[in-house]
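Q: Coordinates for the following, if possible.
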Amino acid sequence: MNYVAGYALGLDMTARDWQAAAKSKGHPWSVAKGFDTSCPVSQFIEKEKIPDPNNLDLWLKVNGETRQSGNTKDMIFPIEHLISFASQCFTLEPGDLVLTGTPAGVSKLNSGDVIQAGLADLIQVQFSVQ
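A: From the prediction side, this is the model:
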């Protein structure tokens, strides 16, 4: 994957209340995905530090309680396939991010919740919900 410079951990948040309101009116709900702070991203990890991106443990805790735990080997499509597909639909430029989905365990968050997430033993991040 010569076209990949590195990897990062990104949280693709959704404002479910905004989403439900937009859906009920038949409006687009992109505002529920694109609000300020909707996609916190970790620092980047050079691709050389990840020999097999299709076998990485990842986890997420909310207020210290594990809510999600998974491995990229369990994804429906390998990362190479996802990038190939995306590149057929969109022009990918240096610096673009391709978010690949999430393990089971998506749940409601509240203001003040503390989110911790990690990618193998490579990176750990912490965010507070506003």
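Q: and the longest helix anywhere in the chain, which residues are buried?
A: For the chain, the longest helix by residue count, based on DSSP state H, is helix 79-89. Burial within helix 79-89, assessed by neighbour count using 16 or more other CB atoms under 10 Å, is assigned to 79, 82-83. (C-beta placed from N, C-alpha, C; glycine too.)
Q: quick one: the residue of the chain most remote from its centre and Asn2, what's the gap?
A: Ranked by distance from the centre of the chain (CA atoms, centre = their mean), the top residue is Lys25, with 27.7 Å. Going from Lys25 to Asn2 by CB to CB, to the nearest Å gives 45 Å.
Q: ditto for Ser128
A: For Ser128 relative to Asn2 (CB to CB), the value is 37 Å.
Q: Comparing those two, which residue is more hemmed in?
A: Between Ser128 and Asn2, counted using other CB atoms under 10 Å, Ser128 has the larger neighbour count: 10 against 5.
Q: Need the per-residue pLDDT for the more buried one.
A: At Ser128, the model reports a pLDDT of 92.
Q: nearest spatial neighbour of it, skipping sequence neighbours?
A: Excluding the flanking residues, the one nearest Ser128 by CB to CB, 6 or more residues apart in numbering is Val114, at 5.5 Å.
Q: Check Ala117 too.
A: Leu60 (4.4 Å).
Q: element containing the one you found?
A: If you go by DSSP states H and E, Leu60 is part of strand 57-62.
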